[in-house]
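Student: Have a look at this prediction, sequence included:
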Amino acid sequence: MSKPKVLVMKKLPSEVMSYLSDHCEIIIPSSNETDSLQFSALLGEVEGLIPAGVRIDNTLLESAPQLKVVSNISVGYDNFDIAAMKARHIIGTHTPYVLDDTVADLVFGLILSAARRLPELDKLVRDGGWVSSVRDEQLFGVDVHHATLGIIGMGRIGEAIAKRAKFGFDMNVQYSNRSRKADIEERLGVQYAPLDELLATSDFVVLMAPHTKETHKMIGKAQFALMKQTAIFINASRGALVDEEALIEALEQKTIYAAGLDVFDQEPVDPANRLLQLSNAVTLPHIGSATLKTRNDMAMVAARNLVLALKGETAPNIVPELR
Ligand code: 8YV
C-alpha cells in the first residue's frame, strides 16, 4: 500500500523524520515555495500537513482537496480557522502537556529578569560599567519571593507557573479564568479573583491564556491603568492578547515598573518597535518551549498525532473544538 503524502514545513529532529518516513511520504517545501504557486501545488498532493507560519483557512484548504489532518507543533492553535476546518472535516491536533514545565520555567526567567533587571546588569558588566560594587540604587530591582502573583488563564501552564510560585518563591498566588478551578485552588492554595481585582492587586501579572476572539487585546489601556505602578507584566502566551501600543505607553510613562515579553504583535518583532528601546522591557524571541528536549518531544507528539489520524485512529491530541 502506498504511504500517504505529508507536507512538513518545519525542520524536525532526525528521529522524528525517521518515524514519519516509516509511515508517510514526506514532502519538504523549499523556503521560496512557501508563498508561491508551487506551494499550492504541493498542498494539492498531500493528506497531512505539519504547518509553520501558515493559517489553516479556506484559502489554504481550497488548495488542499485531499488534506485530512493538520498537526501543529505547538499547544496554541490560533492558526486554525476552526469553522473552515470543521466544514471540511479536517482533523486538527496540537501538542499539550509536554511543554507545560518548560514554558513555566521560562515565565520565571522573565519574572526574575524583569524584577532583578538581569539583562541591564549583564549589559553593564559587558560594557565595563562594573567599576566597584554596584551601589547605584537606580539599578536595584524588586523582590519576587513573597510577592503577589496574578495569573490570567489557569490552564495546564498556568498551574505549572502557580506551583513554582507557591513552592519555589513562597508567593501569594491569585488567578482569573473563564471558569473557577476549585481543584487547583485546593491543591495549591491559590485564590480566584475577578480580572480587574487581580490586575489592581498583583505585583506580577502573568498572561497565559490562548488567543481567541474573547481574549483578543484583552489587556489594553484600561487594564494597564488598573495595575500598580510597581507591577511587572509578563506575556509568554500570544502578542495578540495585548494592545502593544498601550503596553509601550505604560512602560514609557512608568505607570507600570517593567515587562517581560516572549511574544509580540508581529513576530519576528520589527527592529523599529519602540519596545526594543525600553530598558524596562525584557524581550525574547518566542522561546517559551524552546529547550532541545521539549521541542523534540513536541515534534514527536505532533508526528504521532499525524500518523494515527492518517491511519483512521483517534489521535490523542485533537483540539477541543474539532473533537
Ligand atoms: C511553539 C508556542 O513552540 O506551543 C505554542 O503554542 O507558542 C510555542 O511553544 C511556537 O509556536 C513555535 O512552534
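Tutor: Perfect, thanks for sending it. Numbering: from 1, shown residues only.

Student: all contacts plus neighbour counts: C-alpha atoms, from now on.
Tutor: Noted.

Student: which element is Ala302 on?
Tutor: helix 292-310 (DSSP states H and E).

Student: Show me which residues of the stretch 1-150 of the chain are close to the ligand?
Tutor: Ile73, Ser74, Val75, Gly76 (CA under 6 Å from any ligand atom).

Student: count of residues packed around the closest residue to the ligand within the stretch 201-323 of the chain?
Tutor: Nearest residue of the stretch 201-323 of the chain to the ligand, counting by CA to the nearest ligand atom: Ser289, 4.3 Å away. Ser289 has 22 neighbouring residues, counting by other CA atoms under 10 Å.

Student: hey, where'd the helices end up in the stretch 51-200 of the chain?
Tutor: 58-62, 82-87, 100-116, 118-126, 156-163, 169, 182-188, 195-201 (DSSP state H, counting those that start in this stretch).

Student: could you dump those helices to CSV with distance to Pro210, mean neighbour count and mean pLDDT?
Tutor: Putting the helices of the stretch 51-200 of the chain into CSV (distance: least, CA to CA, whole Å; neighbours: other CA atoms under 10 Å; pLDDT from 0 to 100) gives the following:
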stretch, distance to Pro210, mean neighbour count, mean pLDDT
helix 58-62, 22, 15, 96
helix 82-87, 14, 15, 98
helix 100-116, 13, 21, 98
helix 118-126, 28, 14, 94
helix 156-163, 11, 22, 98
helix 169, 26, 15, 98
helix 182-188, 19, 13, 98
helix 195-201, 16, 19, 98
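
Student: okay, these in a markdown table with distance to Asn235 next?
Tutor: Shown next, in a markdown table, are the helices of the stretch 51-200 of the chain (distance: least, CA to CA, whole Å):
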| stretch | distance to Asn235 |
| --- | --- |
| helix 58-62 | 30 |
| helix 82-87 | 24 |
| helix 100-116 | 8 |
| helix 118-126 | 17 |
| helix 156-163 | 12 |
| helix 169 | 19 |
| helix 182-188 | 22 |
| helix 195-201 | 14 |
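
Student: isn't Glu159 right up against Ile184?
Tutor: Yes: contact criterion CA atoms under 8 Å: Glu159 and Ile184 qualify, at 7.5 Å.

Student: ranges for the strands of the stretch 1-150 of the chain?
Tutor: 5-8, 25-27, 48-50, 69-71, 91-93, 148-152 (DSSP state E, counting those that start in this stretch).

Student: hmm, back to that, looking at the helices of the stretch 51-200 of the chain, spot the one closest to Phe140.
Tutor: Ranking these by proximity to Phe140 (CA to CA) places helix 100-116 first, at 7.0 Å.

Student: got the angle for the closest one vs helix 118-126?
Tutor: Angle, helix 100-116 to helix 118-126, by axes from the mean of the first three to the mean of the last three CA atoms, to 10 degrees: 60 degrees.

Student: Run through who's touching helix 100-116.
Tutor: 118-119, 140-144, 156-158, 160-161, 164, 204, 232, 234, 236, 258-261, 280-282, 288-291, 294 (CA atoms under 8 Å, 6 or more residues apart in numbering).

Student: so it versus helix 292-310, what angle?
Tutor: Using the same axes, to 10 degrees: helix 100-116 against helix 292-310 is 140 degrees.

Student: Just the angle for helix 100-116 relative to helix 156-163, thanks.
Tutor: 50 degrees.

Student: on that earlier part again, could you give me the PyMOL selection string for whichever of the contacts of helix 100-116 are buried?
Tutor: With 16 or more other CA atoms under 10 Å as the criterion, this PyMOL line picks the buried residues out of the contacts of helix 100-116:
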select buried, resi 118+142+144+156+157+158+160+161+164+204+232+234+236+258+259+260+261+280+281+282+288+289+294
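
Student: right, and the residue of the stretch 201-323 of the chain closest to the ligand touches Arg295 too?
Tutor: Yes: Ser289 is in contact with Arg295 according to CA under 8 Å; the separation is 6.6 Å.

Student: residues touching the residue most central in space within the chain, list them.
Tutor: By CA atoms, centre = their mean, the chain has its centre lying nearest to Ser237, at 3.6 Å. Residues near Ser237 by CA under 8 Å, 6+ apart: Leu207, Met208, Ala209, Pro210, His211, Asp262, Val263.
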